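>>> fold the following for me, if possible:
(chains A and B)
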Amino acid sequence: MKIKLPKYIEANGFECLIASIFMVLMYWREQLPSPDWQLNEDFSSVEWRDAYSQGVKKINPDQGLSFNRIKRFLRQLSVPLNARLEYLRDLQQLDNLIGINVPPIPIFDRFFMLRGEKKQPYHAVVLVDNTPETLTAIDPFLSPRHVITLSKKDFKDAWAITQRATIIISPKTISFRRRKLATMTLDRWFTS
Amino acid sequence: MKHTIVVNKLDNPYLIAYDRILRRYGSGCMPRDPIDVGEFWKVPIEAYVPKKIVDEKTNREKFITFQLSNVGDIYIEKKSLKIIQYPKIKDVRNAIIEKKAYIRNTVELDLIKVLGDPKLNVKFGKMKFALFGLQPIYRTIISLLDETYPTLDDIKKIKYSDLIQLIIKLDYAKVSDSNKLVPTNKLAELYSLTGSSVATAETFLGIMLANYYEYLSKTLRIIHFVPYIRVSTSYFANAVEFGERISMSIDVLKTRVREYYRKTPSYTIKRRYGLPTLVTELVEADIFNYEGGFIIGRSEIYDRLAHLRNNMPITEDKYITPF
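You can find the predicted model right below:
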């Protein structure tokens, strides 16, 4: 695996997103030793457990977790990281992120990928590796193994359902230039 | 270090609405297809609320999702593609609560109607605290069956009038020419079905609740029976959502009651909530049974409520583990 997450977290319901975020936080905690971190290096410590349960409490049982809430929560934890919600253009962007060791958290229709039926609420995983045909993900729902290999072909359609929404958590030292492209060509727009 | 990521422009109403929803309202909400309303796009919001239900005896679990449509609308100006109107987070939350309350009330009212059916012979008298608030009805029915007919003036003096009017409305008693409250044939029929004054009075309490639950609890503020109804509804609603009778421990039932009645008026009675006592009384009343240390609902009651599942906006996830 290109990206090695130090700890896997089990979750269900709406918790997949916060579990994925915490796995990425732990990854950056390990990769980025900095005095700015308020959370210690021991991932099984009470500190992390408390932080995680605080995160779970941020989830509204009826509405799930909004990105603004996630950002506020990360600020509250004083992590030296940036979080962004992006609608990525294509799978290549995920490959690029994995290539620079930034584990992306894509939101996708898991049910569609496995069954071919669209179904909310959507799912979040952490991507940790890739090949030209596959992506390796750490899935909080798949305890105890957690590791799952997703075919890019199937994942592409399931991810397109959520407009390829992806949460990117990265250190402040990594900055991104966003190249925005129209979702439709002019020809398609006129005919739609 | 600077890296380039290629992203989609927020240039169509669906994506604009989705972005707003994901950022502000939560990952459980989704936009529906935009509707053309003249100079604007109207994008309705839907909420998807997942729920896990477990049959504790067999350890079987089911994941269901409530699909609650139209919990708010986002308006986007066509010319500028800017959001010009959107619901407050609080409004979306309230709309979801309202939709859930509607489902809950449907189950609650149907359950009360089922419980009130004399054929089921639910022993309302065993619910001691509920009986407390409905004493005037209980006593009046017993005295009518014992051929002691009170005058309307007597009833007024002891402030039973509101409740007695309900007995009259249900046609189980009437006012005679001599201004006395007397039983009707309907009460006699009920007596012949149950065989004793006490059993008739208890069965009548069920009929009363089935017909006037809302009026009694909300208008007359007789709320003593509300905890019993809430506990029963929470169990049976979960069973109906699961698709069969499930076994539940008291602790889980307690959590379910709290979840199910979240954001509802609590009634002062909640402070006195002793769930084990309530459950014991519900078992004695023949609404629940105990089986191997777990609570399980009475099958006749469940069978009459099972059809409600077809009208619930739920989908079931057969929990899929691909490998």
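>>> gap between the helix or strand hosting residue B:232 and the chain center?
In the assignment (DSSP states H and E), residue B:232 maps to helix B:226-242. The chain centroid and the centroid of helix B:226-242 are separated by 7 Å under Cα atoms, centre = their mean, to the nearest Å.
>>> and the next helix or strand past that helix?
Going down the chain from helix B:226-242, the next helix or strand is helix B:250-260, by DSSP H and E.
>>> next, the buried residues of that following helix.
Within helix B:250-260, the residues that count as buried by 16 or more other Cβ atoms under 10 Å in any protein chain shown are B:252, B:253, B:254, B:256, B:257, B:260. C-beta here means a position set from N, CA and C on the backbone, and glycine is covered the same way.
>>> for the helix holding residue B:232, C-alpha coordinates in PDB please.
Below are the C-alpha coordinates for helix B:226-242, written out as PDB (Å, rounded to 0.1, in the frame of the first residue of the first chain):
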ATOM      1  CA  VAL B 226     -48.900   8.300  27.500                       C
ATOM      2  CA  PRO B 227     -45.800   6.500  28.800                       C
ATOM      3  CA  TYR B 228     -47.400   3.200  28.200                       C
ATOM      4  CA  ILE B 229     -48.400   4.100  24.700                       C
ATOM      5  CA  ARG B 230     -45.000   5.500  24.000                       C
ATOM      6  CA  VAL B 231     -43.200   2.400  25.200                       C
ATOM      7  CA  SER B 232     -45.600   0.100  23.200                       C
ATOM      8  CA  THR B 233     -45.300   2.300  20.100                       C
ATOM      9  CA  SER B 234     -41.500   2.300  20.300                       C
ATOM     10  CA  TYR B 235     -41.400  -1.400  20.400                       C
ATOM     11  CA  PHE B 236     -44.000  -2.100  17.800                       C
ATOM     12  CA  ALA B 237     -42.700   0.600  15.400                       C
ATOM     13  CA  ASN B 238     -39.300  -1.100  15.500                       C
ATOM     14  CA  ALA B 239     -40.800  -4.500  15.000                       C
ATOM     15  CA  VAL B 240     -42.800  -3.200  12.000                       C
ATOM     16  CA  GLU B 241     -39.700  -1.500  10.500                       C
ATOM     17  CA  PHE B 242     -37.800  -4.800  11.000                       C
END
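>>> in contact with residue A:92, which residues?
Taking Cβ atoms under 8 Å, 6 or more residues apart in numbering or on different chains as the criterion, residue A:92 is in contact with residue B:6.
>>> and what of residue A:4?
Under the criterion of Cβ under 8 Å, 6+ apart, the contact list for residue A:4 reads A:27, A:128.
>>> that one falls within a helix, correct?
No. The assignment for residue A:4 (DSSP: H, G, I helix; E, B strand; the rest coil) gives coil, which keeps it out of a helix.
>>> what values do phi and psi take at it?
Dihedral pair for residue A:4: phi -110, psi 110, per degrees, to the nearest 10.
>>> roughly how far does it sit from chain B?
If you measure residue A:4 against chain B using Cβ to the nearest Cβ, to the nearest Å, the figure is 21 Å.
>>> which residues in the chain form helices?
No chain in the question, so chain A it is. Secondary structure of chain A (DSSP state H): helices at A:15-31, A:46-57, A:67-76, A:91-99, A:110-115, A:152-160, A:186-191.
>>> if you could check chain B rather than the one you did, that'd help
With DSSP H, the ranges of helices along chain B come out as B:13-20, B:89-115, B:128-133, B:135-145, B:152-157, B:161-169, B:185-194, B:197-214, B:226-242, B:250-260, B:275-284, B:299-305, B:308-311.
>>> so which of those comes closest to residue A:156?
For those, the distance to residue A:156 is smallest for helix B:13-20, at 17.3 Å, taking Cβ to Cβ.
>>> in contact with residue A:99, which residues are there?
For residue A:99, the set of contacting residues under the criterion of Cβ under 8 Å, 6+ apart consists of residue A:2.
>>> whoops, residue B:263 was the one
Each residue near residue B:263 by Cβ under 8 Å, 6+ apart is listed here: residue B:97.
>>> rewinding a little: mean pLDDT and distance to residue A:82 added to the helices of chain B, as JSON lines?
As requested, the helices of chain B are arranged in JSON lines below (pLDDT from 0 to 100; distance: least, Cβ to Cβ, whole Å):
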{"stretch": "helix B:13-20", "mean pLDDT": "94", "distance to residue A:82": "18"}
{"stretch": "helix B:89-115", "mean pLDDT": "92", "distance to residue A:82": "24"}
{"stretch": "helix B:128-133", "mean pLDDT": "82", "distance to residue A:82": "56"}
{"stretch": "helix B:135-145", "mean pLDDT": "90", "distance to residue A:82": "66"}
{"stretch": "helix B:152-157", "mean pLDDT": "80", "distance to residue A:82": "74"}
{"stretch": "helix B:161-169", "mean pLDDT": "88", "distance to residue A:82": "64"}
{"stretch": "helix B:185-194", "mean pLDDT": "90", "distance to residue A:82": "72"}
{"stretch": "helix B:197-214", "mean pLDDT": "90", "distance to residue A:82": "53"}
{"stretch": "helix B:226-242", "mean pLDDT": "93", "distance to residue A:82": "41"}
{"stretch": "helix B:250-260", "mean pLDDT": "88", "distance to residue A:82": "35"}
{"stretch": "helix B:275-284", "mean pLDDT": "91", "distance to residue A:82": "47"}
{"stretch": "helix B:299-305", "mean pLDDT": "94", "distance to residue A:82": "51"}
{"stretch": "helix B:308-311", "mean pLDDT": "88", "distance to residue A:82": "46"}
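>>> winner for burial among those?
Of the helices of chain B, the one with the most neighbours on average (mean count of other Cβ atoms under 10 Å in any protein chain shown) is helix B:226-242, at a mean of 23.
>>> and the angle for it with helix B:250-260?
Following axes from the mean of the first three to the mean of the last three Cα atoms, to 10 degrees, one obtains 90 degrees for the angle between helix B:226-242 and helix B:250-260.
>>> buried stuff in the lengthiest strand in chain B?
When chain B is parsed with DSSP state E, its longest strand is strand B:60-77. Residues of strand B:60-77 classed as buried under the neighbour-count rule (16+ other Cβ under 10 Å) are B:62-68, B:71-76.
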